[in-house]
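Asks: Sequence below, structure please.
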Amino acid sequence: MSSADAVAREAAWLTAFDPTDGLPALHASQGGPFDVIQGYLPRTPQQRRTQLYVVRQRLQEVRTAHVRRMARHHFQLRIVWPASSPSGAAEGPQQALDDAVELVLLRVGGLMLDKTHGGRFLSVAEDPAEVIVDFADPADSLQSRADLLCTVSYAADDAETNG
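Replies: Numbering: from 1, shown residues only. Sure, this is the predicted structure:
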């Protein structure tokens, strides 16, 4: 584990699915709402696909007594959601995005009493203990016939190291 693979570790957690753990599947191949889940933004995003991209907003190195250090990753999940529906109504895709965000929040929250995302991190969404969801104004997307957008932001701490 290094700070360089944090985005890949988090994307793997969001893609993983175990039907016995009670957490929702996010990838469409497992019954979830997202056609694409990956680390980092592609140069050319796919069209008319539900997409979730893991990007890192910031990397913070927390030091204790000049001996211990811990990497704190500030993740941002960028969600791209098609604004069109077969009926042409705009309300359906907005509700579907809300439903998908709810599943993402459950997945980010992790297992009961285990906030390590399957041992990938020391803790996730614990320090600070908040997850922030920001929605872009849907009126802009609907007028320009673009996708609906939102971001989910939270922090993850890596295990401490000496150095």
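Asks: Angles on the backbone of Leu111, please.
Replies: Backbone torsions of Leu111, given as degrees, to the nearest 10, read phi -80, psi 150.
Asks: now Arg72
Replies: Backbone phi and psi, for Arg72 under degrees, to the nearest 10, turn out to be phi -110, psi 120.
Asks: Name all residues that make contact with it.
Replies: With contacts defined as C-beta atoms under 8 Å, 6 or more residues apart in numbering, the neighbours of Arg72 are 59-62, 127, 155-158. C-betas here are computed from N, CA, C, even on glycine.
Asks: can you give me the strands for the protein?
Replies: For the chain, the strands identified by DSSP state E occupy 36-39, 51-64, 68-81, 123-124, 132-135, 148-157, 161-162, in order along the chain.
Asks: can you list those in TSV and add distance to Ala8 and mean pLDDT?
Replies: Rendered in TSV, the data for the strands of the chain read as follows (distance: least, C-beta to C-beta, whole Å; pLDDT from 0 to 100):
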stretch	distance to Ala8	mean pLDDT
strand 36-39	5	97
strand 51-64	8	93
strand 68-81	11	94
strand 123-124	15	93
strand 132-135	23	96
strand 148-157	13	96
strand 161-162	19	76
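Asks: before we move on, the earlier item: filter the contacts of Arg72 to the buried ones?
Replies: 155-158 (16 or more other C-beta atoms under 10 Å).
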